[in-house]
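1. Following is a predicted model, sequence given first.
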Amino acid sequence: MVRWRTLVGRLAAALVAVTAGSLVVAAPAAAKPGPDVTPYVVGGTLAAQGEFPFMVRLSMGCGGSLYSPRLVLTAAHCVGRTGTNTSITATLGVVDLQSSSRIQVRSNYVYRAPGYNGNGKDWALIRLATPVTTLPTLKIATSTAYDNGTFTVAGWGATREGGAQQRYLRKATVPFVSDSTCNSYYGGQIIASEEICAGYASGGIDTCQGDSGGPMFRRDASNAWIQVGIVSWGNGCARPSYPGVYTQVSTFAPAIASAAASLGG
Ligand code: ARG
C-alpha cells in the first residue's frame, strides 16, 4: 500500500476552489459489494447548524478547527512552508459554506510542523488576520487519556472516493483502532507515537479527501468536546480493513501550544 498523504494533499489543493470536504458513510443495508469493488458509500449525516461551531473550512480544500480566536489547527499536508501567507481564506460559523451568515477571514501566517516531510508530524497552525471571538474554540488533548473510545469526525470533504466536495458539513462517528491493529492493516506504515487510527474493519464510514486537517474529537470527563486527532490520510476512503489515519494530537500538544504562543496565542 502506498502512503497517500502527499498525493492527497496535492489533490485537495488542486481541487480547492469550489466547495469543501466531507464524510463517507455507507448505508448499512446496502447491497454487499463484490471483493474487488469499492464499497457502496452514500453521503454522511448532515451536521446541524451550531453543532460543531469550532469547525473551519479552508480555501485550499481542507478542514480545520478553531484553536484560539486567531489560530486554526489543520494538517501540515494542507499547507506550504512556514512563513507569511495571506492566500488562505477560512470560512467559519456555518454548516452551509454558501450561507450569508458565514464568517470569512484571511490568513496572515502559516506555521507548519517542524520536521514535517510527508510522513507523520501532520499538523500546522494558520493565523487569521482578524480574530474570531464569536465562536467557541476546540481544546486539544494534552494526554493520551482520550485516545480511545468513539470519536466524532466532521468535514465538507467527499462522500465517496473520488466524489465531490460538499456544501453542507457532514459528521460521522468512528471507533478507535489500536496502533497494532492499524499497523497490521497498513503493513507497518503507522507511526504509533504520532498517529492514531479510527474506523470499522468492515469499512463504510470514514473521512475522505477534503476532510484533511479537520478534527477528530470526543467528549472529555466534563462532557466538553476535546480534539484527539487531525484528519491525515488513508488508503482510499471507507475501504474494509483500512481505517482512517489521524495525527495523534496528544503527542504534539506541547509543540502546538508553544507554536501557538510564538504566533501570539
Ligand atoms: N488526506 C486527505 C485529505 O487531504 C484525507 C484522507 C482521509 N482518508 C481517510 N481514508 N480517512 O483530505
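-> Okay, I see it.
2. Can you tell me how far the residue in the stretch 151-265 of the chain that the ligand sits nearest to is from residue 174?
-> Closest to the ligand within the stretch 151-265 of the chain is residue 234: 2.3 Å, counting by CB to the nearest ligand atom. Quick note: C-beta positions are derived from backbone N, CA and C, even for glycine. Shown here: residue 234 relative to residue 174, a distance of 11 Å by CB to CB, to the nearest Å.
3. Of those two, give the one with the bigger neighbour count.
-> Remark: of residue 234 and residue 174, residue 234 carries more neighbours, 30 against 25, as counted by other CB atoms under 10 Å.
4. so that one makes contact with residue 206?
-> Yes. Counting by CB atoms under 8 Å, residue 234 touches residue 206, with 6.5 Å between them.
5. shared neighbours of the two, which are they?
-> 199, 243, 244 (CB atoms under 8 Å, 6 or more residues apart in numbering).
6. Which of the residues you listed fall in strands?
-> Mapping the shared contacts of residue 234 and residue 206 onto strands (DSSP state E) picks out residue 244.
7. overlap in contacts of residue 234 and residue 174?
-> Common contacts of residue 234 and residue 174 (CB under 8 Å, 6+ apart): 199, 206, 243, 244.
8. Which pLDDT value goes with the first one?
-> According to the per-residue confidence, residue 199 scores 96 in pLDDT.
9. In contact with residue 181: list those residues for me.
-> Residues near residue 181 by CB under 8 Å, 6+ apart: residue 197.
10. what secondary structure does it sit in?
-> Following DSSP: H, G, I helix; E, B strand; the rest coil, the label given to residue 181 is helix.
11. before we move on, what about the one 3 residues further on?
-> In three-state terms, and counting by three-state DSSP, residue 184 is helix.
12. Likewise for residue 222?
-> Using three-state DSSP, the structure places residue 222 in coil.
13. Who are the contact partners of it?
-> Going by CB under 8 Å, 6+ apart, residue 222 touches no other residue.
14. What parts of the stretch 101-250 of the chain come near the ligand?
-> Counting by CB under 6 Å from any ligand atom, the stretch 101-250 of the chain comes close to the ligand at 157, 206-212, 231, 233-234, 237, 244.
15. Give me the nearest residue to the residue of the stretch 151-265 of the chain closest to the ligand, chain neighbours excluded.
-> Excluding the flanking residues, the one nearest residue 234 by CB to CB, 6 or more residues apart in numbering is residue 244, at 4.7 Å.
16. Kindly state the beta-bridge partners for the one you found.
-> Beta bridges link residue 244 to residue 198, judged by DSSP bridges.
17. what do you get for residue 229?
-> With DSSP bridges as the criterion, residue 229 is bridged to residue 216, residue 248.
18. That one and residue 69, how far apart?
-> Residue 229 is 22 Å from residue 69, by CB to CB.
19. Counting neighbours, go ahead and name the busier of these two.
-> Neighbour totals were compared for residue 229 and residue 69, and residue 229 leads with 29 against 14 (other CB under 10 Å).
20. tell me, how many neighbours does residue 100 end up with?
-> Using other CB under 10 Å, residue 100 is surrounded by 6 other residues.
21. Before I go, just wanted to say thanks for your time.
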